[in-house]
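K.L.:
pasting the sequence and the predicted model now:
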Amino acid sequence: MTAPRLRELRDLAAATPQRRVRYVDLLRAVAITAVVVGHWLAVVVVADERGLHGHTLLADLPWTHALTWLFQVIPVFFLVGGFANAASLHRWRERGAAVTGWLLARSARLVSPTTVLLATLCGAAALARLAGADPVLVATAVWLAAIPLWFLAAYLALILLTPPLYATYQRMGVWLPVLLAGLVAAGDAVRWHSPGSALPFANFLLAPLVAYTAGFAWQAGHLPSRPCACATVLVGGLGALLLLTVAGPYPVSMINVPGAVVQNSSPPTVALLALASAQLGLVLLLYERGERLLRERARVWVAVVAANTVIMTVFLWHMSAVVLVVLALYATGVLPAAPPGTASWLLTRLPWLALLSVMLAGLVAVFGRFETIPAPRLATQRGLATPGLPGSPAKWTAAVIFGYAATALGLAGIASAGRVDHGLFGLATVPVLVFFAGAALLRTARAAGGPVSRLGQGDIGPVSGR
């Protein structure tokens, strides 16, 4: 890290408003890091007469299924997202600003780096195909690099739904996540009694909504804060998880296992919600200690700030790092593809993680600027209009909604298209075009209203309670 960059990070950390809940930033960084390391450890590379291919470690070593309880932390990210977006939206409205402006500001940090990723993947796939590369290998590589996109599809949908969701939470309180959890359980019941029904697939949105609206409750100070109560939530969640998996009908793995009849994440089940409850209890239990650490140790807080300035880039590109390292080392025979679980395989895990970390650091150095470029604040005024946007407020509200919907649907289509040959650009063409159309619409709206800032350090803080 260069000296000017380090000074910039120190200045940014020093400018943190007192009201900001720093622990939330730490959780975001920890959750994404766990996802990245979990994905890296789960990859099994096979080099045989069929060429270079791979699968997940969970298919080879059943004892690793319990380890997914440590690495399946996406519920924590949705919890943190709910907390952060509730605080940000509340302060935005306190300033009398338009919700349209809030949505535009929120889209910038997510959609811009994702657009760069997709454009790069499509361009690289086309160049590889034109150079004579095996179409099956290209399709597999692009599919692997695009794995992170399914999460963004759900998260973009949640951001679009945040204004009505937050208004609903203000009327219902903690009963909203409770009701949503009940709907997830109902979807599971339908799955067991009517295996062919499409209704359980609603859990792809309902389950993230449970964690997301629990973030609303945490931000509002409506969740337990005493250690004994937090420990009760933790123990209760773990107990329910054990009953549902070890004693009950749900699999132990919280991540998809190839060939398994029931999966806990496709679509999400109540077993995954039980894990989320245990994680919530642990998060609440460590809150006071974590917040105190980040306020008393300046270097730790600078490190958290540094991680969060490129956290979306890290998430988006971490599987691309896998593709590049595999092609550089396994395809050339530099690193042997040892059978999973053997001593030789275990010995390669540390260099494997080290090489991936170096590759990812290089990708972040190249592409991180698309996430961290500072921009002026979006001008806002009281009422429904966003100044600088020509035409009626309703016109631009519709444009923003369509932009969000198109980007979310495009990413969902890309993620669900599967590991097949989609042609020259490697990814399903129609979903990619839908995403680019939505991204262009959002970019046009931001340009029409003036440059949009990433919401600043003061936008995450408690409304009441904590």
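P.N.:
Now that the structure is in, tell me what you want to look at.
K.L.:
next, residue 339: secondary structure please.
P.N.:
Under the three-state scheme (DSSP: H, G, I helix; E, B strand; the rest coil), the conformation of residue 339 reads as coil.
K.L.:
so it makes contact with residue 345?
P.N.:
Yes - under the criterion of Cβ atoms under 8 Å, residue 339 makes contact with residue 345 at 6.2 Å. Just so you know, the C-beta spots here come from the backbone N, C-alpha and C atoms, and that holds for glycine as well.
K.L.:
ok, these two, which is more surrounded?
P.N.:
residue 345 (18 against 10; other Cβ atoms under 10 Å).
K.L.:
which phi and psi does the closest residue in space to that one that isn't next to it in sequence have?
P.N.:
Of all residues not flanking residue 345 in the chain, residue 338 sits nearest, at 4.0 Å (Cβ to Cβ, 6 or more residues apart in numbering). Taking degrees, to the nearest 10, you get phi -80, psi 150 for the backbone angles of residue 338.
K.L.:
for residue 338, which residues are in contact?
P.N.:
Applying Cβ atoms under 8 Å, 6 or more residues apart in numbering to residue 338 gives the contacts 344, 345, 348.
K.L.:
from residue 396, how far out is it?
P.N.:
Distance of residue 338 to residue 396, computed by Cβ to Cβ, to the nearest Å: 56 Å.
K.L.:
got it, and residue 440?
P.N.:
Applying Cβ to Cβ to residue 440 and residue 396 gives a distance of 15 Å.
K.L.:
the two: which is more packed in?
P.N.:
Taking neighbours as other Cβ under 10 Å, residue 440 and residue 396 compare with residue 396 leading, 24 against 15.
K.L.:
and whichever strand or helix holds that one, how far out from the chain middle?
P.N.:
When elements are assigned from DSSP states H and E, residue 396 belongs to helix 393-416. Distance of helix 393-416 from its chain centroid, counting by Cα atoms, centre = their mean, to the nearest Å, is 18 Å.
K.L.:
packing partners of the helix or strand following that helix?
P.N.:
Next in sequence after helix 393-416, counting helices and strands by DSSP H and E, comes helix 429-448. If you count contacts as 3 or more Cβ pairs under 8 Å, 6 or more residues apart in numbering; DSSP states H and E, helix 429-448 packs onto helix 99-130, helix 393-416.
K.L.:
which among the ones you listed is found nearest to residue 353?
P.N.:
helix 99-130 (22.0 Å; Cβ to Cβ).
K.L.:
tilt between the closest one and helix 429-448?
P.N.:
140 degrees (axes from the mean of the first three to the mean of the last three Cα atoms, to 10 degrees).
K.L.:
now the next helix or strand after helix 99-130 against helix 393-416, angle please.
P.N.:
Later in the chain than helix 99-130, the nearest helix or strand by DSSP H and E is helix 135-145. If you take the same axes, to 10 degrees, helix 135-145 sits at 130 degrees to helix 393-416.
K.L.:
buried residues in helix 135-145?
P.N.:
135, 138, 139, 140, 141, 142, 143, 144, 145 (16 or more other Cβ atoms under 10 Å).
K.L.:
stretch 435-444 now?
P.N.:
For stretch 435-444, by 16+ other Cβ under 10 Å, it's 435, 436, 438, 439, 441, 442, 443.
K.L.:
can you tell me which of the residues you listed is nearest residue 268?
P.N.:
residue 435 (23.3 Å).
K.L.:
the closest one and residue 118 touch, don't they?
P.N.:
Yes - shown here, residue 435 and residue 118 form a contact pair, counting by Cβ under 8 Å, at 6.5 Å.
K.L.:
which neighbours do the two share?
P.N.:
residue 414.
K.L.:
all helices for the stretch 201-350 of the chain, in order.
P.N.:
203-219, 227-245, 270-285, 287-296, 298-309, 311-325, 343-347, 349-367 (DSSP state H, counting those that start in this stretch).
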